[in-house]
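Would you be able to build a 3D model of this:
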Amino acid sequence: MINLRIAVPLVAACAAAVLSACGSDAICGGDDYPVLQVGGTGRQCVPKSDEPPAGFARYPAGKQPKHVDDEWDVYWRTHTLDENGAIKAAG
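Next comes the predicted model:
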């Protein structure tokens, strides 16, 4: 016989874990990567097979946002790249 005092909380905990992982929105789909607007905070997603469009650049290595509201997504809301690729405060 199943002990409901153990089974119910266990099922609830598993469901919460699954839903929280699904709840973090990816910045781009699986076949795309994010690019940052040079001199601004805009971004867009580009197919992995393409280079960034004019006026956009790849994020520096290790500083790419992966999910909405992750550390780097929040950081790049107030920072940008200049035309030489240096990081600077946006604004």
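
so who does the residue nearest to P53 when sequence neighbours are not counted touch?
The shortest distance from P53 to any non-neighbouring residue, by C-beta to C-beta, 6 or more residues apart in numbering, is to V46 (7.0 Å). Using the backbone N, CA and C atoms, a C-beta is placed for each residue, glycine as well. By C-beta atoms under 8 Å, 6 or more residues apart in numbering, V46 lies in contact with 32-35, 52-53, 56.

Need the three-state assignment for V46.
Recorded secondary structure, V46: strand (DSSP: H, G, I helix; E, B strand; the rest coil).

circling back to that earlier point, which among the contacts of V46 end up buried?
The neighbour count (16 or more other C-beta atoms under 10 Å) marks 32-35, 52, 56 as buried among the contacts of V46.

Take those and keep only those in helices.
Taking DSSP state H, every one of the buried ones among the contacts of V46 sits outside helices.

mind listing what T80 touches?
Per C-beta under 8 Å, 6+ apart, neighbours of T80: 36-41, 87-90.

I'd like the distance between it and T41.
To T41, T80 is 6 Å away according to C-beta to C-beta, to the nearest Å.

surely D82 meets L36?
No - using C-beta atoms under 8 Å, D82 and L36 do not qualify as a contacting pair, with a distance of 11.2 Å.

more crowded one of the two?
L36 (24 against 11; other C-beta atoms under 10 Å).

Is it correct that V74 falls within a helix?
Yes - assignment of V74 by three-state DSSP places it within a helix.

any idea how far it is from P65?
Distance from V74 to P65, counting by C-beta to C-beta: 8 Å.

neighbour count winner among the two?
P65 (21 against 12).

and that one, that one's in a strand?
No - P65 is assigned coil when assessed by three-state DSSP, not a strand.

for it, what are its contacts?
27, 34, 43, 59, 72-73, 75-76.

rerun that using 7 Å as the cut-off
27, 34, 72-73, 76 (C-beta atoms under 7 Å, 6 or more residues apart in numbering).

Over to G39?
80, 82.
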